[in-house]
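**Student:** 3D model of this:
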Amino acid sequence: MISSFKRFIEINSFEKVLVYGFYTTFIFVNLLAMIVDFSHQNYTAGYIETFIVIISSTIFLFTYKTQNLNIGFYGVWVGPIEIYLLIIFSDFAYWNFYFSILLPLAFYTLFPFKAAFIQTAIHFFIIIILLLVGYMDSNNEFLHNIDAMSAFIISMIFMVAFGVFYYANLENSYNKLFKSNKEKEILLKEVHHRVKNNLNVLASILGLQALKEEKHTRDILIKNRLKIETMSMAHEMLYRHEDYSNISFNQYAQTLFSHICELFDKKDSKIEMLSQDVKFPLEMMLKMGLILNEMITNSLKYARYKDNLMVKLSCKKDDKFYKFEFSDNGEEAIDTDKITFSKGIGMKLIELIIKEFDGMLDVACDNGVKYRFTFKDRISDA
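**Tutor:** Take a look at the predicted model:
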């Protein structure tokens with residue numbers, strides 16, 4: 001249960017955790033109060049609490065279903081409304097008024113300073129009006145007790161002051177964190193930029209060396225150059241985007257495919273993405289890039305097709321698993337066992353990476369070569 005709670009906090013935004021936490025707590029407290037009041041035959045309060053439970057549960061479910069947090073934010077007014085109903089129809093009891101002091105905490109945590117301050121002022125204005133109405137009843141000992149009312153007013157002032165200092169401290173902390181994160185982002189961008197440049201230098205050296213070598217050696221150098229450029233592209237994408245933890249697989253695959261086709265002078269080749277975009281962290285995308293590099297290179301070099309090469313690529317997430325498929329439009333029959341048990345470093349690299357992913361490679365020949373493998377989402381299991 002504790003692990004599920006921690007997981008819920010990790011995967012959801014700060015605002016969503018606060019909204020869901022408020023409604024869960026509020027509904028639970030009112031259910032307990034409802035049971036107590038009905039058991040003591042305090043039916044008026046019990047009916048009000050039942051009504052509030054139904055309303056707050058409806059708001060909570062609607063917020064959960066639509067993911068519209070604004071409904072949940074303003075729905076917290078169900079708390080003050082309950083207090084007003086209990087004061088008017090139940091009793092001008094001291095606990096109703098003191099409980100009303102705690103409700104602005106919801107405003108302070110869910111709304112910006114100005115909106116929270118205005119709503120707190122409205123709430124206390126209504127409470128003061130109810131105090132004046134209740135004061136007209138000479139039998140109400142609480143409202144005519146100077147010590148009790150003084151304590152209530154002091155508590156009310158304290159709560160407003162707390163809200164002001166809370167926001168002042170929060171804004172100060174936020175500004176410090178924002179400045180610190182901005183500096184780290186700039187440094188991280190610079191790191192990715194330098195890594196990308198260094199990898200490109202290595203790739204250029206291999207390319208220059210390949211020009212002077214014989215065909216067999218030249219092919220080996222070009223293959224290694226492509227592997228380095230594959231890694232360089234991942235760093236390039238991180239340098240150009242704000243999100244450093246996720247790289248778009250579709251965008252990366254299309255960029256890599258275009259680059260390899262240009263290098264092999266087969267610019268008319270096409271790639272078709274058959275699935276919605278998924279995102280990977282840098283380390284995983286580098287390995288996926290190496291796999292793609294080998295598969296695309298093999299198709300460009302060995303597939304026999306009528307006009308131009310057509311590659312179909314799919315990588316989609318299903319529950320906790322990723323399903324990867326790569327196929328080309330080659331027409332000649334290919335011995336899949338020869339590919340699977342090939343001693344070439346490219347195929348061994350593919351198998352090694354897939355094994356590291358705890359996946360299993362399946363190679364088939366059906367109007368071209370088709371590679372399939374499934375691997376677990378390790379981030380979700382963490």
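**Student:** Break down the stretch 151-300 of the chain into its strands, ranges please.
**Tutor:** 247-248, 270-273, 279-280 (DSSP state E, counting those that start in this stretch).
**Student:** who are the neighbours of the longest one, in terms of helices and strands?
**Tutor:** For strand 270-273, the elements it packs on are helix 249-263, strand 310-318, judged by 3 or more CB pairs under 8 Å, 6 or more residues apart in numbering; DSSP states H and E. Yep, even glycine has a C-beta here, placed from its N, CA and C like the rest.
**Student:** Which one of the ones you listed lies nearest to residue 75?
**Tutor:** Distance to residue 75, taken as CB to CB, is lowest for strand 310-318 among the helices and strands packed on strand 270-273, at 32.7 Å.
**Student:** List the buried residues in stretch 321-333.
**Tutor:** Within stretch 321-333, the residues scored as buried using 16 or more other CB atoms under 10 Å are 322, 324, 325, 326, 327, 328, 329, 330.
**Student:** The fourth one against residue 373, yeah?
**Tutor:** No: in this structure residue 326 lies outside contact range of residue 373 using CB atoms under 8 Å: 9.3 Å.
**Student:** OK, contacts around residue 294?
**Tutor:** Each residue near residue 294 by CB atoms under 8 Å, 6 or more residues apart in numbering is listed here: 346, 347, 349, 350.
**Student:** same deal with residue 163?
**Tutor:** 104, 107, 108, 116, 117, 120 are the contacts of residue 163 under CB under 8 Å, 6+ apart.
**Student:** Which residue is the nearest non-sequential neighbour of the first one?
**Tutor:** Setting aside the residues directly before and after it, residue 104 is nearest to residue 120 in space (CB to CB, 6 or more residues apart in numbering), at 4.3 Å.
**Student:** quick one, the longest helix anywhere in the chain and helix 249-263 angle?
**Tutor:** Longest helix in the chain, counting residues (DSSP state H): helix 146-211. For helix 146-211 against helix 249-263, the angle by axes from the mean of the first three to the mean of the last three CA atoms, to 10 degrees is 20 degrees.
**Student:** tell me how far helix 146-211 is from the chain's mean position?
**Tutor:** Taking CA atoms, centre = their mean, to the nearest Å, one finds helix 146-211 lying 17 Å from the centre of the chain it belongs to.
**Student:** returning to that earlier point: which of the buried residues of stretch 321-333 fall in strands?
**Tutor:** The strands, defined by DSSP state E, take in 322, 324, 325, 326, 327, 328 from the buried residues of stretch 321-333.
**Student:** circling back to that earlier point, identify those among the contacts of residue 163 that sit within helices.
**Tutor:** Per DSSP H, the subset of the contacts of residue 163 in helices is 104, 107, 108, 116, 117, 120.
**Student:** contacting residues for the spatially closest residue to the second one that is not a sequence neighbour?
**Tutor:** Nearest non-adjacent residue to residue 107, counting by CB to CB, 6+ apart: residue 116, 4.2 Å away. Applying CB under 8 Å, 6+ apart, one finds that residue 116 lies in contact with 104, 107, 108, 110, 163, 167.
**Student:** Not counting residues beside it along the chain, what's closest to residue 103?
**Tutor:** Per CB to CB, 6+ apart, closest to residue 103 is residue 79, 4.9 Å.
**Student:** Now for that neighbour, which secondary structure element holds it?
**Tutor:** helix 78-85 (DSSP states H and E).
**Student:** From the rest of the structure, what touches that helix?
**Tutor:** By CB under 8 Å, 6+ apart, helix 78-85 touches 26, 30, 48-49, 52, 55-56, 59, 96, 99-100, 103, 106, 123, 126-127, 130.
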